[in-house]
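> predicted model follows, preceded by the sequence.
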Amino acid sequence: ASPPQEESVLSEEEERMIRDIESHLPDEIRKMPSQQKRAFLVSKILAVRKEFQREHQYFEKIKDYKPQSPELYDLKNWKFDERFDTILDKLKNGEEKYEYLEEVQHNIYRFPMLKPEFSKKLLEEVDYFEAWCKKNRVDILRPNSMNRYGAIMDHFGFEPVLRELIAQRITPLSRKVFPHIKKLDR
């Protein structure tokens, strides 16, 4: 099959992107003959558009998902390990040593955060979402292309509670452990 007529498939915005990106391209692409370079860029834009459409269809399909355990979607119901709370309390009091925070390698830390029974409930919710998707013939968008398992929790309602978790508990700890990093994602 021959490629679609590119002039009819690109929007004005996509045409503008092709013009604007020229000076930012790696040398090996910038030095391509103009028709080859354009064909390459058009193929990339069409691939991104296709992925966007796939994601849009996915979100349309999962918008009717109803959680098995709605209480998990509220941070006040999360069950934190007492040792994690101890770390946060010491942090608030300005202490420098954190008994349960272990640096296993340079700048890599391990600490208890959630109670095991609560972690189990979170995993059960992910399993429930996966079963719902299977029942409803929805292909789950995985965390990355190398991963055939798992689900992105933001996609099925956890984004607000995860934002709150990051703001209230993870960011204060991260600022202390990694003072050179000014802002976390989100």
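All right, it came through fine. Bear in mind the structure is a predicted one, so any value in this text is a computation, not a measurement.
> against T171, how distant is the nearest residue to R175 once chain neighbours are set aside?
Residue nearest to R175 in three dimensions, not counting chain neighbours: I181, with 7.9 Å by Cβ to Cβ, 6 or more residues apart in numbering. Just so you know, the C-beta spots here come from the backbone N, C-alpha and C atoms, and that holds for glycine as well. Distance, I181 to T171, using Cβ to Cβ, to the nearest Å: 10 Å.
> tell me which residue of this structure is furthest from the middle?
Distance from the C-alpha centroid of the chain peaks at P33, with 37.1 Å (Cα atoms, centre = their mean).
> where does it fall, phi/psi-wise?
For P33, the backbone dihedrals are phi -60, psi 150 (criterion: degrees, to the nearest 10).
> buried stuff in the longest helix seen in the chain?
When the chain is scanned for its longest helix (criterion: DSSP state H), the result is helix 34-62. Residues 37, 41-42, 45-46, 58, 62 are the ones in helix 34-62 that count as buried (16 or more other Cβ atoms under 10 Å).
> can you list these in CSV and add pLDDT and distance to N107?
Below are the buried residues of helix 34-62 laid out as CSV (pLDDT from 0 to 100; distance: Cβ to Cβ, whole Å):
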residue, pLDDT, distance to N107
K37, 91, 41
L41, 91, 38
V42, 91, 42
I45, 89, 38
L46, 90, 40
Y58, 89, 35
I62, 91, 36
